[in-house]
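Chemist: prediction below, plus the sequence it came from.
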Amino acid sequence: MPRPKAPLASSDDIEQQFYEAMRHGDIDRVMALWADEDEIVCVHPAGPRRVGAAAIRASFEAIFAGGGVDVRTEQVRRLLLPGSAVHHVLERVQALTDEGPRTAWVIATNVYMKAPQGWRLVLHHASPGSLEELHDVVEAAATLH
């Protein structure tokens, strides 16, 4: 499986490459961004949990059968930890239908791990969203002890 030409310096770098590869329908590039771990996981909106590279690849091949996916991220929230990062994003998916252009919203969580070859994706979990769910609900921090 081809790897990116240069190590990815940050979780933001790999996320940008992941969504760009999705827009181009580039299965080899999408798969090159995943970690070399047996337990990598991908959940597409309303779909089953896909575990392992073969299952994830098959799911993206089915998605890309009609070409790339016009998806853009918005409202990215990051939790950065030593050696890992969690990104919560809103995905804006544009599609042309028989009724004309449509926009769908997806709420996704992407988890990245820093490996010797650079940052890699270990989890992509996406759920269908709606316009009403696009606003974050944030409560004031509370001390637990």
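Modeler: That came in fine, so what should we check first?

Chemist: from A115, how far out is P45?
Modeler: 27 Å (Cβ to Cβ, to the nearest Å). C-beta: built from backbone N, CA, C; applies to glycine.

Chemist: ditto for A55
Modeler: For A55, the distance to A115 - Cβ to Cβ - is 20 Å.

Chemist: could you pull out the helices in the protein for me?
Modeler: Along the chain, counting by DSSP state H, helices occupy 11-24, 27-32, 53-63.

Chemist: for the record, mean pLDDT for stretch 9-23?
Modeler: What stretch 9-23 shows for mean pLDDT is 95.

Chemist: mind exporting that stretch as CSV, just the C-alpha atoms?
Modeler: Extracted in CSV, the C-alpha atoms of stretch 9-23 (Å, rounded to 0.1, in the frame of the first residue of the first chain):
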residue,chain,number,x,y,z
ALA,A,9,3.8,16.3,10.8
SER,A,10,0.5,16.7,12.6
SER,A,11,-3.0,15.3,13.0
ASP,A,12,-4.2,18.4,11.0
ASP,A,13,-2.0,17.3,8.1
ILE,A,14,-3.4,13.8,7.9
GLU,A,15,-7.0,15.0,8.3
GLN,A,16,-6.5,17.5,5.4
GLN,A,17,-5.1,14.6,3.2
PHE,A,18,-7.9,12.2,4.2
TYR,A,19,-10.7,14.6,3.1
GLU,A,20,-8.8,15.6,0.0
ALA,A,21,-8.4,11.9,-1.0
MET,A,22,-12.1,11.4,-0.3
ARG,A,23,-13.0,14.3,-2.6
